[in-house]
Each structure stands twice: as structure tokens, then as C-alpha cells.
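Asks: structure, please.
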Amino acid sequence: MRALVTGGSRGLGYEVARGLLAHGIDTTILGQNAENVAKASRELGVSGITCDVRDYNRLREIKSQHQPFDIIVLSHGVMSEKMSKTIKATKEDWDRTIDINLSGVFNVVNTFADHMVEQRQGRVIVFSACLGRMSGPGNAGGLAPYRISKAGVNAFVRNFAHETGLGARGVLVDAICPNHSQTDMGGPNALRTAAEGAETAIWLATRDFTAGVDQTGLLWEDREVVEW
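Replies: Modelled structure (predicted):
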């Protein structure tokens, strides 16, 4: 088994990579900052790729240089500016947040997941956020670029999961909410560690699955399904 973890040089992605390695999975991390990628690769003992997920052409080049991946975990992401309500958000903040959080997910999945569909085996796990939910507090105002980008991620995951037969064709597609975790985005005072925030993604990547019995194409938090 071979896994690709975007945002794998730090935070949640780093912990996902560590967890997959513990399961004996050949793991490659991808990140935007070359220095961070090199450091994390050395610490984890994995291969590292430096690439911006917004760079579709570069991702296609990377695909041609690597063996296919069986697992893709998309843990990259950025937060929008604190005052980024719809009217106050800048065009630059909107474009950056949507391009990385949503278009970046499309770029990676569109590039690397075709092998999974063809082989009828693979897993795609995308880090979303409860702030992107249509239910509960969800996207109920403020942080417009971030909340809306994550709502788009949720729609992307649900749509792709249905396109691939909700597990009936061997491909599992899921989103997770890691909750407030101690990362660069969440800050040092968050209630849970990065390892705790990454645990459900590792479980989804390695769990046993029986089509027609187990569930996929959903939003998960702490191994439980939460409403979109």
C-alpha cells in the first residue's frame, strides 16, 4: 500500500503520515515549503514532495514520476482572515482560501485518484471542518471564505463518493472534522493535540470495510458520522 498525504510536513498531516507509517504503509508527504518538507521527511523517514496544490501542471508532472497511490489524505488548508465576512473579505483572501482549500482538493484528486477508480480499490480522506456544515453552527456567518471553502469540500466529497458507488466499486471517499487541534491554524491552546485530530483520518485510511454494511461518503468526527 502506498499513501500520499498533502500538508504532510506539519500539524495534522504530519501526524497522519506518522500513523500510516505505524501501520506499515509506504507514505509520501507533499507540502508547499521545501524546508519544512525536507525536515519532516528526515524525521519520519519518508519521501517528500514540494509542490503547491494550486499548481495543477506540477501535480501532473509529479504523477508521471511516481508509482500510483492507494490512499490519498488531503490535510492541507489555510484559514481566511479574521474579519473576512462576505462584505469585508478581500478578493485576494477569497481567492487564496478557495484555491487552496477547495480547488487544491480537486487538483490532487483529479490527478491521482484515477488509478483507484480503474483498479476499483483506494481511499480518499479529506480534512474538512465543522464550520463548513450546513447543520448546527456550521456556515452560519463570519469567516466567509473559510466556511464556504469547507462547505465546498463537503459537497465535493459527497459527490465523488456517489460517483464511485459509495464503496460498492472499491473506492472509499470520506471527509473528517478534526475539531479544534493544536496546529499552526488551531494554535497551542486548542483542546486536542494534532495526533488526536488526525486519529480519525488514520482510522478511515486503514479500517476494514464491507460494502453494503459499512458506511462511506460521509463526514466523520471521532469515528462517528456527523450531519453535513
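
Asks: strands along the protein, start to end?
Replies: For the chain, the strands defined by DSSP state E cover 2-6, 26-31, 47-50, 71-74, 122-127, 171-176, 219-221, 224-226.

Asks: ok, which of those comes nearest Glu199?
Replies: When these are compared by Cβ to Cβ, strand 171-176 sits nearest Glu199, at 9.5 Å. C-betas here are computed from N, CA, C, even on glycine.

Asks: how close does the nearest residue to His23 once chain neighbours are set aside get to Ile125?
Replies: Nearest residue to His23 in three dimensions, chain neighbours excluded: Thr206, at 5.0 Å (Cβ to Cβ, 6 or more residues apart in numbering). Note on Thr206: its distance to Ile125, by Cβ to Cβ, to the nearest Å, is 10 Å.

Asks: ok, these two, which is more surrounded?
Replies: Neighbour count, other Cβ atoms under 10 Å: between Thr206 and Ile125, Ile125 has more, with 26 against 17.

Asks: quick one: contacts for the closest residue to Asp26 other than its chain neighbours?
Replies: Leaving out its chain neighbours, the residue that sits closest to Asp26 by Cβ to Cβ, 6+ apart is Arg2, at 4.7 Å. Counting by Cβ atoms under 8 Å, 6 or more residues apart in numbering, Arg2 makes contact with 25-28, 67-71.

Asks: can I get the residues you listed in CSV including neighbour count and pLDDT?
Replies: Below are these laid out as CSV (neighbours: other Cβ atoms under 10 Å; pLDDT from 0 to 100):
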residue, neighbour count, pLDDT
Ile25, 17, 98
Asp26, 15, 98
Thr27, 27, 98
Thr28, 20, 98
Gln67, 10, 96
Pro68, 15, 97
Phe69, 24, 98
Asp70, 18, 98
Ile71, 23, 98
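
Asks: could you dump those to CSV with distance to Gly142?
Replies: Below are the contacts of Arg2 laid out as CSV (distance: Cβ to Cβ, whole Å):
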residue, distance to Gly142
Ile25, 38
Asp26, 41
Thr27, 36
Thr28, 36
Gln67, 43
Pro68, 40
Phe69, 36
Asp70, 38
Ile71, 34
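
Asks: tell me the contacts of the residue of the chain most remote from its centre?
Replies: Within the chain, the residue lying farthest from the chain centre (Cα atoms, centre = their mean) is Ile87, at 28.1 Å. If you count contacts by Cβ under 8 Å, 6+ apart, Ile87 has none.

Asks: and the residue nearest the centre of the chain, how close does it get to Asn159?
Replies: The centroid of the chain falls nearest to Leu74 when counting by Cα atoms, centre = their mean (2.3 Å). According to Cβ to Cβ, Leu74 stands 15 Å off from Asn159.

Asks: got it, and Met83?
Replies: Counting by Cβ to Cβ - Met83 and Asn159 are separated by 31 Å.

Asks: same check, this time on Arg120
Replies: 19 Å.

Asks: and for Lys88?
Replies: Lys88 is 30 Å from Asn159, where distance means Cβ to Cβ.

Asks: how many neighbours does Trp203 have?
Replies: 15.

Asks: that one contacts Arg223, doesn't it?
Replies: Yes: using Cβ atoms under 8 Å, Trp203 is in contact with Arg223, at 5.8 Å.

Asks: chain center to stretch 95-103: distance?
Replies: 13 Å (Cα atoms, centre = their mean, to the nearest Å).

Asks: ends of that stretch, how far apart?
Replies: End-to-end span of stretch 95-103 (Cα to Cα, to the nearest Å): 10 Å.

Asks: next, the buried residues of it.
Replies: 96-103 (16 or more other Cβ atoms under 10 Å).
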